[in-house]
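Engineer: Please work out how this folds:
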Amino acid sequence: MGIYPGDWLIVELINPLYQNPKEQEIVIVSVDDETLVKRYSREKGEVVLVSENENHEPIRRSEGAIYISGIVKSAIRRNLSKRLPNG
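Structural biologist: Numbering: from 1, shown residues only. Presented below is the predicted three-dimensional model:
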């Protein structure tokens, strides 16, 4: 998908008691009082939250240690002219 600074996200709000994200979906998640946008996966009974930015290490937590509030469905690109050559 690719999310860039300034992009707007279209998010489907979920109730984590009844809905769980699928493997590799991008989620809005609260971890240690911080709200993040991460790729969701599970490994050996843990939730693994992976950043698309290689400079950030994956976050591993138990299911109860995080709160997933939504699933990113799309991104609206803003300030596209700043990314185009001669723009």
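Engineer: per-residue pLDDT, residue 83?
Structural biologist: Confidence per residue is given as pLDDT, and for residue 83 that number is 56.
Engineer: I meant residue 5, not that one.
Structural biologist: Residue 5 is assigned a predicted lDDT (pLDDT) of 80.
Engineer: pretty sure it belongs to a helix, no?
Structural biologist: No: with the criterion set as DSSP: H, G, I helix; E, B strand; the rest coil, the secondary structure at residue 5 is coil rather than a helix.
Engineer: start the count at 28, not 1, going forward
Structural biologist: With the count now opening at 28, the last piece we talked about shows up as residue 32.
Engineer: From residue 80, how far out is it?
Structural biologist: 11 Å (C-beta to C-beta, to the nearest Å). (C-beta placed from N, C-alpha, C; glycine too.)
Engineer: end-to-end on stretch 68-87?
Structural biologist: 10 Å (C-alpha to C-alpha, to the nearest Å).
Engineer: If you count neighbours, what's buried in it?
Structural biologist: Taking 16 or more other C-beta atoms under 10 Å as the neighbour-count basis, stretch 68-87 is seen to contain the buried residues 68, 74, 76, 77, 86.
Engineer: Kindly report the same for stretch 55-67.
Structural biologist: In stretch 55-67, counting by 16+ other C-beta under 10 Å, buried: 55, 56, 58, 64, 65, 66, 67.
Engineer: Does the second one touch residue 93 like I think?
Structural biologist: Yes: applying C-beta atoms under 8 Å, one finds residue 56 in contact with residue 93, separated by 5.4 Å.
Engineer: Many thanks, have a good one.
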